[in-house]
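# Sequence first, predicted model second:
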There are 2 protein chains.
Amino acid sequence: MKNELGITVKKMENFSKWYDQVVTKAELADLRYNVKGFLVHKPLAVSAMKKMYYYFERELEKRGHKPVWFPAVIPESNFKKEAEHVAGFIPEVIVDNACRQQKLSERVALRPTSETAMYTMYAKWIRSWRDLPLKLYQSCQVWRYETKATRPFIRGREFYWIEAHDVFATRNEAEKQVIEDMKTTKAVMHEIFGIPFFQFQRPEWDKFPGAVHTYAADIIMPDGKILQQPSTHMLGQNFSKAFNIKFKNKNGQEEYAWQTCYGPAIWRIFAAIIAIHGDDKGLIFPWEIAPIQVVIIPIYKSQNKDLVLKRCVEIKDKLKGLEVYIDDRDEYTAGWKFNEWEMKGVPIRLEIGMKEVETNTVTIFRRDEGRKINVSDANISEYVEKVGKELSANLKRRAESFMSNMVRSAKNLKEVREALKKGGFVRVNFCSIDEDGRACAEKIKASLHADVRGKRIDVDEKPEGNCVVCGRKAKVVVYIGKSY
Amino acid sequence: MKNELGITVKKMENFSKWYDQVVTKAELADLRYNVKGFLVHKPLAVSAMKKMYYYFERELEKRGHKPVWFPAVIPESNFKKEAEHVAGFIPEVIVDNACRQQKLSERVALRPTSETAMYTMYAKWIRSWRDLPLKLYQSCQVWRYETKATRPFIRGREFYWIEAHDVFATRNEAEKQVIEDMKTTKAVMHEIFGIPFFQFQRPEWDKFPGAVHTYAADIIMPDGKILQQPSTHMLGQNFSKAFNIKFKNKNGQEEYAWQTCYGPAIWRIFAAIIAIHGDDKGLIFPWEIAPIQVVIIPIYKSQNKDLVLKRCVEIKDKLKGLEVYIDDRDEYTAGWKFNEWEMKGVPIRLEIGMKEVETNTVTIFRRDEGRKINVSDANISEYVEKVGKELSANLKRRAESFMSNMVRSAKNLKEVREALKKGGFVRVNFCSIDEDGRACAEKIKASLHADVRGKRIDVDEKPEGNCVVCGRKAKVVVYIGKSY
């Protein structure tokens, strides 16, 4: 019997070990590939992430983005065009030095992100105001030579994401775009996947290399640590000047374009879904992205096997359009199958035995609540869909309630220290997220091993009193947390 | 005005130039990226290929395959496990020699194909007959250091494909799988995309490195040259012995597994769709994969603009579920838009002006036939869908008829030479596609610059008389052609 023991640790007692067990035992990924930091993604994870891609791509296209595929390799010279960007990324990229048969004319790197691949082409494509706005995205992998410890779906040398790169004629349009990107994050990650987050403007010292401003979604993981989720960057004219992206405006004058980029990492959002919705038994998939939405378990003795299986197929036929699997494997018991599919996060289980056949009913088990009820099989399709959506709504409510319990305010460093012990965010008055505040953030980092995550942009918060570190008059309310 | 001149060469007069113009002018790809042999894929191509992936993945999953994602890098030592495979692929792979910050413990290559990445893991996953069959696929890019001239979507150093890797307990099941794979090719490439092909068993000297047998679909391009399409390989136990993929059978004895692999290259099939369905005006997309299925062109003077646009929106609303674009850009004329969307292969154009508004009609233009008709706008949705499907059926018929006209029989080498001048396939009696026939094939290659593509497996053909080259008794009917 595979996965004989199921998950053996409790999520809130030892989150780290729980997470590793779920990844391996629920067969999301195999960590034994023989290049360090690279993951083998198994069908359950890939099927779910394909659906996650679908929802993000749909939302991006609704908002005027079109798909592109750019090369996975980027010449070294492209990297060097934007000074801050190269400083931020060159140490991370995997550089290809040689080809066995024939030297490439230049060293190339596997893309760690695609600004420097795409913007050389943007400079060729954009000529006039008529070519703007240009809003393109690609769904792809990127490679970064991470030196920190890797974790499946959280940090790796190869990961899966979407990157959107937009160009505008005016600063104002670019500023609107970063707001739109955060709306995209909310519409998909929060509304569909049920993962709530705060939206931050990052401090000056924690921006994307080459950006004017960085905005990011932060979530709280079950261990109380903060995990960065999709970020969007106001690039201003930094890259357009470095890559010479110019357009003729309506008056015939040349101007540098305004740019933004946005990067929802499907990988990390998947980590959030595993971590936040899961429970002590294992995964719980939201209805919308479940690779199997409904598993049907036939329960029979040999003399009534055919009758029971026939009814299972009839019920499956009624559930057209849903992802349904009849687990009719003889080599496993019904109880073993219950545990297996609960660990693998299937939202709804239907049990069908002779009792159900005789009474024209099915027994429904809902993964998040763990209760069974027996219902008539008339209108089973509408009923199952309703239950599936209720499960998603419940997962979202639970996640929101967890998050709101993990935010505390503190008036001084002692209180910050105490609050940090409980995990989550600590809300404080702070001198500044401009360069001016860097020294205070560094003190927090040194003494409390925590980061200033920035100023929320999803709510308007007025500072009161003085900075918790330097005592100068506070100009901003910030959130502090220990991060991944 | 972009693309002022449209396509300036006729497809059947100068196919090569026609193809290059369509790729560039219809904005499928940009060839100016600054790493040689790598393509920038533009939205029209990506949107179509995403749909192509969808149809292949659906068919593979229907037949029991599940999706995985394996790393893009493969350690050198993995390649060296199967002797023929390494000989076939190492010269092509792009090898990463070094990382800037830190040496990898071993040289790694970007995957040229994933046997050697996946089979090391298969050896860990497969223990018992219960784990079989194992049928997995991944949709991904691969990289090959091509030294021949690259062509967009036909040959490149980075291309997009699907690879399926299956494992079975018995030889018989593996043999059935290669037949199933050819059915998958037929169900999608021929039935949905309208690209007919012949199915060949390749001669012994033209197999995939490491395979026992290779089967491949060949199509005829408009210039009469042969282009290889999806191939499927009976790997026998070659790789299972090299990678130690063993299972305990029902009697508790260990056996080496039987394997197959299958590789539909979405990129090349896209090239076939461009080439075979296109005409002198440019692209024609089959209805099922058209990124825009219906373009609506409003035709108005300023005094009736609002009225006409309102009707366009009403018609678009009636076409829910289809990919519809209203081209209401003021900066271009209706005539310019007609040419633009014809070149870009949109299957159906609806023209809506005051005449149509007043008579509750729309004027429909069908891209393949080039005729306009005016129809009532009642039931427009069903009507448009019917016309779209007729277009796909017509493209398929045209392609089948082209292909059947490009096959000729020849009784001797003189006739082969004459027939090859007309392009397409030449059908001949031949000594053998086993090792024994290699010398004859080499003579054909040397004297006629053409290849023996193999023996058809989609029809049963009996040889008559003697081999066209050596004069020995023919054991097989083969097809000869000049290939890409």
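Cool, got the structure. The structure presented is a predicted model; accordingly, all values stated were derived computationally and were not measured.

# Tell me which residue is most central in chain A.
The geometric centre of chain A, computed from its C-alpha atoms, lies nearest to A:I269 (Cα atoms, centre = their mean), at 1.7 Å.

# SS state for it?
Assigned by DSSP: H, G, I helix; E, B strand; the rest coil, the conformation of A:I269 is helix.

# So it versus B:I289, what's the distance?
29 Å (Cβ to Cβ, to the nearest Å). (Each C-beta comes from the backbone N, C-alpha and C, glycine too.)

# so how far is stretch A:333-346 from its chain's centroid?
26 Å (Cα atoms, centre = their mean, to the nearest Å).

# what about it, near chain B?
No: no part of stretch A:333-346 sits close enough to chain B to count as contact by Cβ under 8 Å from any Cβ of the partner chain; the gap is at least 13.1 Å.

# Residues contacting that stretch, please?
When contacts are defined by Cβ atoms under 8 Å, 6 or more residues apart in numbering or on different chains, stretch A:333-346 is touched by residues A:1-3, A:6-7, A:22, A:25-27, A:44, A:277-278, A:281-285, A:290, A:292-295, A:297, A:299, A:327, A:329, A:332, A:349, A:351, A:365, A:367.

# buried stuff in that stretch?
By neighbour count, and taking 16 or more other Cβ atoms under 10 Å in any protein chain shown as the criterion, the buried residues in stretch A:333-346 are A:336-346.

# Over to stretch A:477-484?
The neighbour-count check on stretch A:477-484 (16+ other Cβ under 10 Å) flags A:477-482 as buried.

# Now, these that are in strands?
Filtering these for membership in strands, criterion DSSP state E, returns A:477-481.

# nearest to A:I226, of those residues?
A:G481 (3.9 Å; Cβ to Cβ).

# I figured that closest one hits A:D218, correct?
Yes: assessed by Cβ atoms under 8 Å, A:G481 is found in contact with A:D218 at 7.4 Å.

# so what sits against both of these two?
The overlap between the contact sets of A:G481 and A:D218 (Cβ under 8 Å, 6+ apart) consists of A:226, A:425, A:453.

# How many residues are close by the first one?
By other Cβ atoms under 10 Å in any protein chain shown, 24 other residues sit near A:I226.

# Who are the contact partners of the closest residue in space to it that isn't next to it in sequence?
Using Cβ to Cβ, 6 or more residues apart in numbering or on different chains and skipping residues adjacent in sequence, the residue nearest A:I226 is A:G481, 3.9 Å away. Counting by Cβ under 8 Å, 6+ apart, A:G481 touches A:218, A:220, A:225-226, A:420, A:424-426, A:450-451, A:453.

# go on, A:I326?
When contacts are counted by Cβ under 8 Å, 6+ apart, A:I326 touches A:295-296, A:298, A:309, A:312-313, A:316.

# Do a quick rundown of the strands in the stretch 201-350 of chain A.
For the stretch 201-350 of chain A, the strands defined by DSSP state E, counting those that start in this stretch occupy A:213-220, A:226-236, A:246-248, A:254-256, A:258-263, A:283-284, A:294-298, A:324-326, A:344-345, A:348-352.

# Can you tell me the closest non-neighbouring residue to the residue of the stretch 351-484 of chain A found nearest chain B?
Evaluated by Cβ to the nearest Cβ, the stretch 351-484 of chain A has A:E385 as its residue closest to chain B, separated by 19.5 Å. Here the nearest residue to A:E385 in space, its sequence neighbours aside, is A:L322; by Cβ to Cβ, 6+ apart that works out to 7.3 Å.

# Next, count neighbours for that neighbour.
Residues within reach of A:L322, counting by other Cβ under 10 Å, total 17.

# next one: the one 5 residues further on
Each residue near A:D327 was counted by other Cβ under 10 Å, and the total is 19.

# Please list all residues in contact with it.
For A:D327, the contacting residues are A:295-298, A:337, A:341, by Cβ under 8 Å, 6+ apart.

# Pull the most distant pair out of those residues.
Between all members of these, the longest pairwise span (Cβ to Cβ) is found for A:P298 and A:W341 and amounts to 13.3 Å.

# Let me know whether A:R371 touches A:T363 as I believe.
No: in this structure, A:R371 is not within contact of A:T363 by Cβ under 8 Å, at 10.7 Å.

# and these two? which has more neighbours close in?
When A:R371 is set against A:T363 and neighbours are counted by other Cβ under 10 Å, the residue ahead is A:T363, at 17 against 8.

# Looking at the more buried one now. What's its pLDDT?
In this prediction, A:T363 carries a pLDDT score of 97.

# ditto for A:S47
Looking at A:S47, its pLDDT is 98.

# how many neighbours does it have?
A count of nearby residues for A:S47, using other Cβ under 10 Å, gives 20.

# Am I right that it is in contact with B:K66?
Yes: with contacts defined as Cβ under 8 Å, A:S47 counts as touching B:K66 at a distance of 7.5 Å.

# OK, contacts around A:K183?
Counting by Cβ under 8 Å, 6+ apart, A:K183 touches no other residue.

# Name the SS class of it, please.
Under three-state DSSP, A:K183 falls in the helix class.

# hmm, back to that, pLDDT for the ones in strands among the buried residues of stretch A:477-484 - can I get that in TSV?
Output for these, formatted as TSV (pLDDT from 0 to 100):
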residue	pLDDT
A:V477	98
A:V478	98
A:Y479	98
A:I480	98
A:G481	98
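
# Pull the most distant pair out of those.
The most widely separated members of those, counting by Cβ to Cβ, are A:V477 and A:G481 (14.0 Å).

# one step back: let's have the buried residues of stretch A:333-346 in a markdown table, adding pLDDT and distance to B:E415.
Rendered in a markdown table, the data for those read as follows (pLDDT from 0 to 100; distance: Cβ to Cβ, whole Å):
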| residue | pLDDT | distance to B:E415 |
| --- | --- | --- |
| A:W336 | 95 | 67 |
| A:K337 | 96 | 65 |
| A:F338 | 97 | 70 |
| A:N339 | 96 | 70 |
| A:E340 | 96 | 64 |
| A:W341 | 98 | 64 |
| A:E342 | 98 | 69 |
| A:M343 | 98 | 67 |
| A:K344 | 98 | 63 |
| A:G345 | 98 | 65 |
| A:V346 | 98 | 64 |
